[in-house]
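*Asks:* Need the 3D shape of this:
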Amino acid sequence: MLSTNTDTNQWLIVDAPTQLREWDTGVVHPLPSQLSRGDSRTIGSAEDCWLRLRDPTGRVSRHHAKLTHDCNGQLVVADLRSKNGITQDGSRQVVVPVVPGLELGIGGVTLIFESPLLCLLRELLARLVGWSDERRVNLALRSVRLAATRRESLQLCADNNRTLLSVARLLHRRTLGADQPFVICARRPSKPPEKWANYEGAPRYEHGLEALATANGGTLCIEPRPPHDFGEVIEAHRDPASRVQLIVCTRTPHHDPLITPVILPPMSERGHELDRVIEGYAADAGAVQGKTLKAADLDWIRAHESATLAQIERATLRFVMMRRHKLTQAAELLGMSHGSLSEWIADRTLDISVEGDDDAGTDDDAS
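*Replies:* Have a look, this model is predicted:
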């Protein structure tokens, strides 16, 4: 299958879709692994269709659309002059390109094109908002995709500022890449805390337009205390030439009919999913199950550092790095001094063996 890309900007999820997922369900339809030029697959309600859709509203025609190639070799879905037509992200079209995340409407059924990378992003969002509600995950995926392709701003909501920043940076890495700028902007407090000007290496600005210019090609994250020129930032971001992903962090969702907020529920409501959340962050950090994250580590994180997503991410990353590397190298990879990491271990009376421990790893193991 041909590799695809969006028609807007350079987000990282540009691999070829391999399946269609029905909105609000776990029903998945694999796409054909090979579809030669001139060949096609029919979509509709009839029994002889390659993809037979069951629409309770009765708006899917017997032979509604077809999966085929356009004149440029791009894989597309084309309308077969159906009564109700097809839509691309809610807008009626005759031909819809097959690209990751795009929502294809056929009658009363909405299908999402999913690629391997999009499935990973979807799993991350389920980790952040919860696995129990398919609709919430799908809406979060839609909001993140529209923000990453610079068509809308992303509203991120949580009751903890550090969680908002850690999730915003995680989404930045997954959608645009860690090599692109990640910039934070907020009103300076009357008594700024030490190191207010940066957050774990990310620069923090007081003036929004200055921050927007610095974030060109990357992400601008607005904290819950937005800058005085926040309105000007919003207007500048609406310019079609803007190349910034805008993430607006807030404690309370702002009601905007055009923007669906991504709401991060408190971990106090997600105790049944805690282990799965920790395991997800461990996988992000490169943990190999049973080798670089011990059962005792999971128990400790669960008992002491599980109040917020930010705490879970930080503690899990530190445990994984300490299990994979000697202490000096682990501190360097974490962006900490050797003394700071040693103090963190001592304050928590952790049993971390780093010299000659089989689980501590070597440089070769980490490569």
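
*Asks:* Hmm, Ser166 is touching Ile312, no?
*Replies:* No. Counting by Cβ atoms under 8 Å, Ser166 does not reach Ile312; the two are 9.4 Å apart. (Glycine included, C-beta is placed from N, CA and C.)

*Asks:* Now the element after the helix or strand hosting Gln311, going C-ward?
*Replies:* Using DSSP states H and E, Gln311 maps to helix 309-324. Downstream of helix 309-324, the next assigned helix or strand under DSSP H and E is helix 327-334.

*Asks:* other SSEs contacting the helix or strand following that following helix?
*Replies:* Later in the chain than helix 327-334, the nearest helix or strand by DSSP H and E is helix 338-347. Packing partners of helix 338-347 (3 or more Cβ pairs under 8 Å, 6 or more residues apart in numbering; DSSP states H and E): helix 309-324, helix 327-334.

*Asks:* Mind doing that once more with 6 Å?
*Replies:* Helices and strands touching helix 338-347, by 3 or more Cβ pairs under 6 Å, 6 or more residues apart in numbering; DSSP states H and E, are helix 327-334.

*Asks:* and the helix it packs on, average pLDDT?
*Replies:* Averaged across helix 327-334, pLDDT comes to 89.

*Asks:* Ser337: neighbour count?
*Replies:* 12 (other Cβ atoms under 10 Å).

*Asks:* Give me the spatial nearest neighbour of it, chain neighbours excluded.
*Replies:* In space, and not counting its chain neighbours, Ser337 is closest to Ala331: 6.2 Å by Cβ to Cβ, 6 or more residues apart in numbering.

*Asks:* Tell me how far the one you found lies from Lys191.
*Replies:* 30 Å (Cβ to Cβ, to the nearest Å).

*Asks:* Between the two, tell me which one has more neighbours.
*Replies:* Between Ala331 and Lys191, Ala331 has the larger neighbour count (other Cβ under 10 Å), namely 21 against 6.

*Asks:* So what's the predicted local confidence for Arg324?
*Replies:* 85.

*Asks:* from what I can see it touches Thr292, true?
*Replies:* Yes. Arg324 is within contact range of Thr292, at 5.0 Å (criterion: Cβ atoms under 6 Å).

*Asks:* Report the residue ranges of every domain in this structure.
*Replies:* The record's domain parsing of the chain by automatic domain parsing lists 19-114, 118-263, 267-366.

*Asks:* For the stretch 101-250 of the chain, which segments are assigned as strands?
*Replies:* 103-106, 109-114, 154-157, 182-185, 198-199, 202-205, 219-222, 245-250 (DSSP state E, counting those that start in this stretch).

*Asks:* could you dump the ones you listed to a markdown table with distance to Val76 and mean pLDDT?
*Replies:* Below are the strands of the stretch 101-250 of the chain laid out as a markdown table (distance: least, Cβ to Cβ, whole Å; pLDDT from 0 to 100):
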| stretch | distance to Val76 | mean pLDDT |
| --- | --- | --- |
| strand 103-106 | 10 | 97 |
| strand 109-114 | 11 | 96 |
| strand 154-157 | 28 | 96 |
| strand 182-185 | 35 | 97 |
| strand 198-199 | 43 | 84 |
| strand 202-205 | 39 | 93 |
| strand 219-222 | 31 | 96 |
| strand 245-250 | 27 | 95 |
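
*Asks:* No further questions, thank you.
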